[in-house]
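Peer 1: fold the following, please.
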Amino acid sequence: MARVKGGYVAKNRRRKVLKLAKGYFGSKRTLYKTAHEQVMKSLTYAYRDRKQRKRNFRKLWITRINAAARLNGMSYSRFMNGLKLAGVEVNRKMLAEIAVYDMDAFTNLVKLSQEGLASNVKPEKTETKVAPKETAKKAAPKKETAKKAAPKKETAKKAAPKKETAKKTEVKVKEETVKTEKKAPVQKEEVSTKENVDYSTKTVAELKAIAKEKNIKGYSKLKKAELIEALK
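Peer 2: Residues are numbered from 1 along each chain as shown. You can find the predicted model right below:
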């Protein structure tokens with residue numbers, strides 16, 4: 001195969017790089033390899049710093065506007081917000097120039113900003129927030145009224161049994177007579193159980209429980225033999 005040579009295309013490409021490298025120090029402007037490396041770096045730095053320059057100028061304009069606004073009793077943020085509300089469309093570059101070279105015009109802009117802030121004050125927001133809370137609190141007692149209304153039905157139900165009071169009194173008298181008849185044998189059984197209980201077979205905990213029922217003082221400190229004597 002034939003050897004491919006770059007010819008004038010390769011020479012023109014290198015000549016273009018060396019042209020961009022004019023003014024560089026040492027071999028960076030004469031040798032193609034070092035010149036190409038430096039040109040690539042220089043292009044990236046230039047792209048980066050074009051953006052950086054715009055940021056730096058914006059910072060400078062903001063500091064100048066802030067300094068002039070503070071002299072007139074306003075902060076930078078409120079001054080710019082007031083101008084926006086007033087409909088004044090002046091960029092920061094021009095505002096910075098006015099702040100440096102024409103202070104009277106800048107004071108007029110400050111007045112316009114103050115008027116814009118004053119015209120857009122909205123004090124009604126606090127009232128709208130409070131209103132729903134009050135309605136919510138007032139709505140709650142309705143449930144209580146509903147609950148209070150319920151006992152009225154019970155009173156109506158209670159009013160009906162007044163007719164049956166005579167029957168209930170008769171039933172109560174019969175129940176009392178039955179109870180009096182049953183009480184006497186129970187007492188006899190209790191007496192018989194008291195006589196027949198063998199406390200020696202019970203544990204100390206059971207004896208203390210019995211002593212507690214009989215209201216014996218100091219039962220918690222007594223031993224088993226002492227508890228048996230106290231219960232007898």
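Peer 1: going forward, measure contacts and count neighbours with C-alpha atoms only.
Peer 2: Fine.
Peer 1: what about the closest residue to G82 other than its chain neighbours, neighbour count?
Peer 2: Spatial nearest neighbour of G82, chain neighbours left out: S113 (3.9 Å); criterion: CA to CA, 6 or more residues apart in numbering. A count of nearby residues for S113, using other CA atoms under 10 Å, gives 23.
Peer 1: output the longest helix belonging to the chain.
Peer 2: In the chain, with assignment by DSSP state H, the single longest helix is helix 32-71.
Peer 1: relative to helix 32-71, how tilted is the helix or strand following that one?
Peer 2: Note on helix 32-71: by DSSP states H and E, the next helix or strand toward the C-terminus is helix 76-86. Computed by axes from the mean of the first three to the mean of the last three CA atoms, to 10 degrees, the angle separating helix 76-86 from helix 32-71 equals 80 degrees.
Peer 1: buried set for helix 76-86?
Peer 2: Using 16 or more other CA atoms under 10 Å as the test for burial, helix 76-86 gives 76, 79-80, 82-83, 85-86.
Peer 1: contacts for that helix next, please.
Peer 2: Defining contact as CA atoms under 8 Å, 6 or more residues apart in numbering, one finds that helix 76-86 is touched by 62, 65-66, 69-70, 89, 109-110, 112-117, 120.
Peer 1: what about burial for these, which qualify?
Peer 2: 62, 65-66, 69, 109-110, 112-114, 116-117.
Peer 1: and of these, the nearest to A2?
Peer 2: Closest approach between the buried ones among the contacts of helix 76-86 and A2, by CA to CA: I62, at 66.0 Å.
Peer 1: ok, the closest one touching L95?
Peer 2: No. Taking contacts as CA atoms under 8 Å, I62 lies outside contact range of L95: 9.0 Å.
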